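S.K.: kindly return the folded structure for what I paste below:
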Amino acid sequence: MIKGPAASIELHGNYRPRPIRLRELWSVDGWRLKVYGIAYDSPAPDEKLIEAVKAAARAILPQPPRSDFRYGIGFICAHQGRTSSVAFVDWWENEDELHHKMFFAERGDAWELRPVRDDELTACSWDLAVVAFERDAWVRHILQPPTPEVEAYLNAHLNADV
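M.R.: Okay, here's the model as predicted:
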């Protein structure tokens with residue numbers, strides 16, 4: 001039996017898997033990015049939310065995409081939730097470092113994403129499934145082989161109900 005503060009957690013419903021799907025491999029401004037979508041109670045997020053996260057990515061991805069420490073490789077995700085939506089833009093640097101930028105949109109605000117403040121969320125449980133998959137793919141295809149296998153990394157993607 002749970003006692004203490006956790007005993008008072010009131011859920012708005014039981015956990016239900018959501019579809020996480022790769023939408024495309026997107027090349028933009030020298031970057032190569034996997035584009036994911038997650039949706040509550042729908043097979044895919046609204047296309048306008050996908051376009052909003054792409055616009056956010058274009059605005060914040062560092063230039064140049066490739067340098068001695070940056071590889072021009074990453075992933076983005078649009079997550080259309082039950083009461084609000086989030087999006088994130090992630091890229092790899094310095095061999096094993098993931099840069100993660102979150103965005104938030106209220107439900108019904110025409111997908112106007114705003115950057116998440118430092119005191120707000122980092123990711124939800126479904127978002128973390130994407131991040132965990134991408135971390136494992138990075139290790140498997142970039143860090144472990146004798147030479148990095150960039151195409152293998154870009155072709156590894158999560159398509160599951162999680």
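
S.K.: which parts of the chain are helices?
M.R.: For the chain, the helices defined by DSSP state H occupy 47-60, 125-138, 150-155.

S.K.: between those, which gets nearest to D90?
M.R.: In terms of CB to CB, the element of these nearest to D90 is helix 125-138, at 7.0 Å. (Glycine included, C-beta is placed from N, CA and C.)

S.K.: so what does the closest one touch, helix or strand wise?
M.R.: Helices and strands touching helix 125-138, by 3 or more CB pairs under 8 Å, 6 or more residues apart in numbering; DSSP states H and E, are strand 19-28, strand 31-39, strand 70-80, strand 84-93, strand 97-106.

S.K.: hmm, who's touching the first one?
M.R.: Judged by CB atoms under 8 Å, 6 or more residues apart in numbering, the contacts made with strand 19-28 from elsewhere in the structure are 32-39, 43-44, 50, 54, 57-58, 61, 76, 126, 129-130, 154, 157-162.

S.K.: related to what we said a few turns ago, which stretch among the helices and strands packed on helix 125-138 comes nearest R117?
M.R.: Per CB to CB, nearest to R117 of the helices and strands packed on helix 125-138: strand 97-106, 8.8 Å.

S.K.: strands paired with the closest one, and their directions?
M.R.: Within its sheet, strand 97-106 is paired with strand 84-93 (antiparallel), strand 114-115 (antiparallel), according to DSSP bridges.

S.K.: got the angle for that strand vs strand 70-80?
M.R.: 30 degrees (axes from the mean of the first three to the mean of the last three CA atoms, to 10 degrees).
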